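Participant: The sequence isn't on hand, but the structure is:
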Ligand SMILES: [Zn+2]
């Protein structure tokens, strides 16, 4: 999935995290990594993740942008919407600063362009509000949330079931992820986990430990990371 606005909803409390990504699977993996390692930038989300368990959370793609320039304005619309309802985990309610990774120069440029110039067309606006009013969440999430609102907590049994369902679908999700990754490699490109740009394999350093023998970061991002680490070390 590309150019999406997504939510990670705690089905037990109804609170949610809103984010956007050019490549959803990459972003999702980054979130999971940081949540589990307790290094996530959103402490509220991280705490809830460990308190309620991964099985209590559901991912939803709530909108797809036709163009990447629309992504941040769209995410912002959702942040505003859920912010007004007071059910956000995001402590930073400005789209583009919530990715969990430090913004690259490219991303920063995109954000400021989105803030300054890029007008969201009336057409796009209509689409955004239609999505927000309509399907927003999957039926699965809706059912779970309305069950919660009815004042009922999940029983331990139901939680076990919920987790089992997720675990059962894990191989399929993993297969999809792999297929996507292999298709990228076959096409002679790879997506950098930091800048999320699709780039030729030659842009990645060798890394014996990786399954594809290449670093997950592109050379440019690797260089930036090293530079920043050096700068921080000298401070
Ligand atoms: Zn990169």
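Facilitator: Received the coordinates, thanks. Predicted, not measured: the structure shown is a model, and the values here were computed from it.

Participant: so what are the domain limits for this protein?
Facilitator: What automatic domain parsing lists as the domains of the chain is 2-154, 188-234.

Participant: distance between the last one and the chain's centre?
Facilitator: Spelled out, it's domain 188-234. Distance, stretch centre to chain centre, for domain 188-234: 20 Å (C-alpha atoms, centre = their mean, to the nearest Å).

Participant: what mean pLDDT does that domain have?
Facilitator: Averaging pLDDT along domain 188-234 gives 84.

Participant: Am I right that residue 175 is in a strand?
Facilitator: No. According to DSSP: H, G, I helix; E, B strand; the rest coil, the state of residue 175 is helix, so it is not within a strand.

Participant: Can you tell me which of the domains of the chain is most buried?
Facilitator: Of all those, domain 2-154 has the most neighbours on average by mean count of other C-beta atoms under 10 Å, namely a mean of 17. Where you see a C-beta, it was placed from the backbone N, CA and C, and this is true even at glycine.

Participant: Surely residue 7 is in contact with residue 18?
Facilitator: Yes. Residue 7 sits in contact with residue 18 when judged by C-beta atoms under 8 Å, with a separation of 5.5 Å.

Participant: Spell out which residues are contacts of both of those two.
Facilitator: Counting by C-beta atoms under 8 Å, 6 or more residues apart in numbering, the shared contacts of residue 7 and residue 18 are residue 78.

Participant: How about the residues of the protein by the ion?
Facilitator: With the criterion set to C-beta under 5 Å from the ion, the chain comes near the ion through 192, 194, 195, 218, 221.

Participant: and those residues as JSON lines, adding distance to residue 46 and secondary structure?
Facilitator: Below are the residues of the chain next to the ion laid out as JSON lines (distance: C-beta to C-beta, whole Å; DSSP: H, G, I helix; E, B strand; the rest coil):
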{"residue": "192", "distance to residue 46": "24", "secondary structure": "coil"}
{"residue": "194", "distance to residue 46": "20", "secondary structure": "coil"}
{"residue": "195", "distance to residue 46": "24", "secondary structure": "coil"}
{"residue": "218", "distance to residue 46": "27", "secondary structure": "strand"}
{"residue": "221", "distance to residue 46": "24", "secondary structure": "helix"}
